[in-house]
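S.K.: This is the structure alone, sequence omitted:
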C-alpha cells in the first residue's frame with residue numbers, strides 16, 4: 001500500500017526538527033494573518049535597539065507590509081541580496097527614518113536567524129476573484145520553511161502513487177492563480193517529492209517554470225539523493241537551507257530570473273573554498289555544458305569575499321571573441337551582488353585596475369595579462385613592485401588550453417602570491433598530455449594541482465543536465481587507407497556531404513518544428529581552403545547551378561534554406577592571406593545581403609560577434625526566421641566554449657581530432673533546448689573506423705570509464721529495435737481503433753508499448769539513412785502512426801482519470817511514464833511563401849506546360865492550401881479564391897505578382913475589420929489601425945490612447961443599454977483584443 005501524503009508530511013517535519021536541528025515546528029501558523037503576526041514579532045525582537053524598545057504601530061507595520069509585496073520572485077531576490085549581507089525594511093516614524101534588519105546573511109545558523117517550519121497553510125482565493133470558483137481556488141500548502149518569519153522554501157508532496165511532476169504542476173497552478181503573493185511573494189525555492197523522487201527549482205512565474213530545469217540532489221561523489229528524508233538531511237537542514245538562499249542563489253539581471261545552483265556546482269565551490277583556506281590550488285573537472293561560467297563566477301566572487309587578504313580575483317579567458325560573452329554573463333550575475341565585476345578593454349585598462357586599491361573581480365584575457373608583464377611594466381618601478389606583490393586568485397576558464405604550461409610558469413614567477421583554480425570539461429591526462437617541453441607540466445593535475453571536484457559528461461547526461469550524443473559515421477567504407485586525402489578532396493565527396501546536410505537532416509535540424517523553430521548546424525573542415533570550397537559549392541547548389549538539388553520537402557518548410565555563413569581567422573602574414581581576405585570579403589558581402597549587416601575586413605571581430613549572437617539566438621531578435629542562420633562553415637572557430645542551445649548538429653568532414661578536441665566539438669550540440677531536441681547529433685564524413693575508435697576512446701576517457709549513456713545506439717541497433725517495437729505494438733493493437741474496446745489493464749499495456757515504439761521511431765527518423773519511403777517496408781504509414789498517437793493520448797487520460805486522487809490507500813499505478821511527451825509526432829506546417837511560389841508558377845510558369853500539367857499544379861496548390869486552412873483559414877480562404885480565379889480564367893493575374901495580390905487582399909480584410917470595429921465602438925480608426933499593425937504577444941501598444949479617443953457619448957447615444965463609462969472602456973479593450981487575436985493576427989502573421 002502506498003504511504004499517505006499526510007504521513008509523508010509528518011515524517012518530513014519530524015526529520016527537520018529532529019535532534020539538534022535549528023528548525024522549530026509552528027503548528028499554530030495557518031493563515032496569512034498568522035504569518036504576518038509572527039514576522040512582526042521576530043522583526044521587533046531583532047530590532048529592539050533600533051525601535052528604542054517601542055513596538056511598531058499598526059500604521060508603521062503597514063509600511064513594512066507594503067515593502068514586502070513583491071511583483072515577482074526575482075524582485076524579492078533583489079531585495080534579499082541586501083546591503084553588506086543585511087536585508088532591511090524602512091519605517092518612517094515621525095521625522096525619523098528607521099532601518100530595520102529583516103535578515104542578516106552573516107548570521108547563518110546563529111545570531112539573529114530564526115528558522116521555523118509550518119504546514120497546511122491556507123492560501124485563500126483573492127477577494128477580486130470573479131471566476132465563480134472561490135471554493136475550488138482556496139488552497140492548502142503542504143510544508144513551508146520560514147527564515148526570520150519569511151517564507152523562503154516551499155515544499156509540495158505527493159505519495160508514491162503520484163509522480164513528483166504532479167507536485168510541480170500543482171505549484172505552477174498555484175503560482176498562476178496568484179497564491180504566491182503578499183508575504184509568500186518572498187519565496188525563492190520550491191521542492192517537490194513523491195517520497196522516492198525529490199527535486200528542487202528556483203521560484204518563477206507560472207509561464208517561466210520549466211520542468212526541464214528542475215534538479216535533483218547529488219552527494220559529493222555524484223550519487224543521486226532521491227529519498228525525501230535523505231534530501232532533507234542534505235539540503236534542508238541548517239546551515240545548508242539558509243546557504244542555498246543566501247549563497248547559492250544567483251540573480252541573472254539580463255534574464256530577470258533566479259538561478260539556484262545545482263549540487264555539483266555547490267560541491268565545487270565548497271571544495272575550492274576549502275582548498276583556498278589552506279592556500280592550495282587545484283582544478284575542477286565539470287563537463288562542457290554544465291554551467292561552468294556560472295560556477296566560476298560564484299567561485300571568483302566567493303574567493304574575494306571569503307579571503308580578506310586577497311587583493312584581486314581575476315577570471316582568465318583566452319579568446320577575444322568570448323571575452324565579451326563571458327563578461328556580459330558575469331555582469332548579469334553581479335549586478336545585484338556584493339562585488340564589482342570589471343572587464344578590461346585594453347592592457348592599459350588592466351594595469352589601471354590592478355593598481356587600484358579597490359578589491360574587485362576582473363575579467364580579462366590571458367593575452368592582455370601576458371602583454372602587461374612582458375612589455376608594459378618597467379622593472380623595479382613603484383607600479384611594477386606594487387603589481388608583483390598583489391595577492392591574487394586566478395580562476396581560469398577552459399584551463400586545459402587557456403594557459404599553456406610555459407605561460408603559467410611565467411605568470412606564477414611574476415605573481416608570487418597567487419592561487420590558481422582551473423575549470424575544464426576536458427582535462428589533459430597521461431593519455432593526452434601536453435607536448436614535452438623540458439620540465440614543464442604535461443597534465444592538468446601537474447599544472448594546477450589536485451582535481452577538487454569532478455562531474456563528468458556521463459554524470460551530466462544521467463542527471464539530464466545535458467543531452468547524450470547520436471553519432472553517425474558516413475565516410476566511405478572498406479578503404480585500405482582511411483587517411484588518404486584524395487578520397488575526400490573532390491567535388492563528388494563534397495556533394496555527398498552537402499546532400500546529407502541539405503536533404504537528409506530533416507529531423508536533425510528540426511524541420512518538424514516549423515519555420516523559426518528549426519535548429520542549426522556547423523560544418524567543420526580540415527582547412528580554410530576546404531571551408532572556402534564548401535562555401536562556394538553550397539552557393540552554387542542554392543542558386544541551382546550544381547547537380548545537387550534541394551528536396552521539395554525541405555523547401556515546403558523553409559523556402560530560403562539553407563542560410564549559411566563562414567568564419568575563420570584571417571591573417572595578413574600567411575602566404576595565402578590575400579586569397580583568404582578576398583574570399584572572406586565576398587562572404588561578408590553575402591552576409592550583408594542576408595541580414596543588412598555590413599562589415600569589412602577590419603571589422604572581423606564585430607562580424608564574429610554578430611555571428612555568435614545570431615547563432616546563439618538568446619536575443620529575441622534572432623527568434624525570427626528572417627534573422628536566423630541554418631549552417632556555419634568553420635575550421636576550428638566555435639568548436640570550443642561557444643554556447644548555442646539551438647545548435648543541434650556538427651557535421652565533421654576532416655580526420656579525427658584528439659580526445660579533448662573531439663569532446664569539446666561534440667559538446668557544442670548537447671545543450672538542452674526544447675522537447676524535440678533529444679540528443680546532440682554528430683555526423684562524420686571521413687575515416688569511419690578511425691573515427692569510431694577515436695570517439696570511443698575520447699568518451700571513455702572523459703566519462704571516467706563509462707560510455708553507455710553518452711553515445712546512443714547506432715542505426716544498426718536502433719533499426720532492428722524499431723522493427724521489434726512495431727511488431728509488439730501491432731501484436732497488442734493490430735489497428736489503432738482497437739484501443740477503444742480495450743480494458744483499462746490492456747490500455748495500460750498499450751501505453752507502455754506505444755511509448756517505447758514512439759521513442760525508437762523518433763530516434764530512427766533522426767538518422768540520415770532514414771527515408772519516409774521505408775515506412776511501407778516496415779508496414780506502417782505516417783497516418784497510421786498519427787491514429788495510434790491519438791488513441792494513446794485518450795488511453796493515457798483515461799488511466800489518469802481512474803487512479804486515486806486523494807492520497808488514500810489504493811492500488812499502485814502501472815509502471816508507465818505519465819509525463820512522456822510524444823517524440824515522433826509532428827505536424828509540419830507548409831510555409832506561406834512556398835505556396836505563393838506554387839501559385840505564381842501556375843500564373844507565370846518557368847516553362848511551357850500543357851493543360852494536364854497545369855491542372856496538376858493547380859491541384860497540388862489546392863492540397864497545400866487545404867493544409868494551411870487547418871492553421872490559418874483566413875489566409876487560406878484568400879488563396880482559395882485566387883486559385884479558383886486562375887482555374888476559371890487562364891489569363892487571370894498574368895504578369896502580376898501573386899505575393900502582392902495576396903498581401904493587398906489581406907490589407908483589404910484588415911481595413912474592413914478595423915472599420916467595422918470602429919463603427920460599433922466609436923473608436924479612432926487611426927489608433928485602432930496602429931494597434932492592428934503593431935500588436936505583438938497579446939500586448940496592445942497604445943491601449944491608453946485608444947481609451948482616450950473612444951467616444952463614449954456617441955456609443956451610448958446609439959445603444960439602448962446605457963453602460964457606465966468604465967464598463968464601456970473595459971469592453972472596448974476586451975473586444976479589441978479579441979479581434980486582434982482572432983481576426984487581425986492571422987492576416988498580419990504577428
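M.R.: Happy to help now that I have it. Quick caveat, the model's predicted, so the values are computed rather than measured. Residues are numbered from 1 along each chain as shown.
S.K.: the longest helix in the protein is where?
M.R.: For the chain, the longest helix by residue count, based on DSSP state H, is helix 898-921.
S.K.: Tell me which residues are up against that helix.
M.R.: Under the criterion CB atoms under 8 Å, 6 or more residues apart in numbering, residues 833, 836, 839-840, 843, 874-875, 878-879, 881-882, 893, 923-925, 928-929, 932, 950, 955, 972, 975-976, 979, 983-984, 987-988 lie in contact with helix 898-921. From N, CA and C alone the C-beta is placed, and that goes for glycine too.
S.K.: following that helix, which helix or strand comes up?
M.R.: Once helix 898-921 ends, the next helix or strand along the chain (criterion: DSSP states H and E) is helix 925-934.
S.K.: what's the spacing between that next one and its chain's center?
M.R.: 34 Å (CA atoms, centre = their mean, to the nearest Å).
S.K.: Quick one: name whatever helix or strand follows the helix or strand containing residue 452.
M.R.: Assigned by DSSP H and E, residue 452 belongs to strand 451-455. Toward the C-terminus, strand 451-455 is succeeded by helix 457-463 as the next helix or strand (DSSP H and E).
S.K.: How about residues contacting that next one?
M.R.: For helix 457-463, the surrounding residues in contact (CB under 8 Å, 6+ apart) are 215-216, 218, 222, 224, 262, 264, 287-290, 425, 465-468, 663, 667, 670, 699, 702-704, 706-707, 709-710.
S.K.: Give me the average confidence score over it.
M.R.: Across helix 457-463, the average pLDDT comes to 91.
S.K.: so of the contacts of helix 898-921, which ones are in helices?
M.R.: Counting by DSSP H, those contribute 833, 836, 839-840, 843, 874-875, 878-879, 881-882, 925, 928-929, 932, 955, 972, 975-976, 979, 987-988 to helices.
S.K.: Now the buried members of those.
M.R.: 836, 839-840, 843, 874-875, 878-879, 882, 928-929, 932, 955, 972, 976, 979, 987 (16 or more other CB atoms under 10 Å).
S.K.: what's the weakest-modelled helix or strand in the protein?
M.R.: helix 134-137 (a mean of 48; mean pLDDT, DSSP states H and E).
S.K.: chain center to the next helix or strand after that helix: distance?
M.R.: Sequence order places strand 139-147 as the next helix or strand after helix 134-137, per DSSP H and E. From the chain centre to the centre of strand 139-147 is a distance of 29 Å (CA atoms, centre = their mean).
S.K.: When you filter the contacts of helix 457-463 down to buried only, what's left?
M.R.: 215-216, 218, 222, 224, 262, 264, 287-290, 425, 465-468, 663, 667, 670, 699, 702-703, 706-707, 710.
S.K.: quick one: residue 947 and residue 972 touch, right?
M.R.: Yes. Contact criterion CB atoms under 8 Å: residue 947 and residue 972 qualify, at 7.1 Å.
S.K.: Look at residue 330 and report its pLDDT.
M.R.: Residue 330 is given a pLDDT of 69.
S.K.: In the chain, which residue is most central in space?
M.R.: residue 673 (5.0 Å; CA atoms, centre = their mean).
S.K.: May I have the phi/psi pair for it?
M.R.: With angles defined as degrees, to the nearest 10, residue 673 sits at phi -130, psi -70.
S.K.: Please report the distance of it from residue 645.
M.R.: Distance from residue 673 to residue 645, counting by CB to CB, to the nearest Å: 4 Å.
S.K.: Ok, residue 112 next?
M.R.: In terms of CB to CB, residue 112 sits 42 Å off from residue 645.
S.K.: Sketch out the low-pLDDT regions of this structure for me.
M.R.: Residues of the chain meeting the criterion pLDDT under 70: 1-2, 125-137, 319-332, 334-343, 571-576, 706-708, 803-815, 826-828, 990.
S.K.: follow-up on the earlier one: among the buried ones among the contacts of helix 457-463, which lie within strands?
M.R.: Here DSSP state E is the test, and the buried ones among the contacts of helix 457-463 give 218, 224 as lying in strands.
S.K.: quick one: the helices in the stretch 101-250 of the chain?
M.R.: Applying DSSP state H, counting those that start in this stretch to the stretch 101-250 of the chain gives helices spanning 134-137, 164-176, 228-231, 240-246.
S.K.: Tell me which of those helices lies nearest to residue 559.
M.R.: helix 164-176 (38.0 Å; CB to CB).
S.K.: How far off centre is the closest one?
M.R.: Counting by CA atoms, centre = their mean, helix 164-176 comes out at 20 Å from the chain centroid.
S.K.: Next, the buried residues of that helix.
M.R.: 164-172, 174-175.
S.K.: Kindly indicate which of the residues you listed lies nearest residue 102.
M.R.: Distances from residue 102 to those, taken by CB to CB, are shortest for residue 175, at 23.0 Å.
S.K.: so that closest one makes contact with residue 208?
M.R.: No. The pair residue 175 / residue 208 is not scored as a contact, 9.3 Å apart, by CB under 8 Å.
S.K.: Please dump the helices of the stretch 101-250 of the chain into a markdown table; it should also carry distance to residue 358 for every row.
M.R.: What follows is the helices of the stretch 101-250 of the chain, written out as a markdown table (distance: least, CB to CB, whole Å):
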| stretch | distance to residue 358 |
| --- | --- |
| helix 134-137 | 52 |
| helix 164-176 | 40 |
| helix 228-231 | 41 |
| helix 240-246 | 24 |
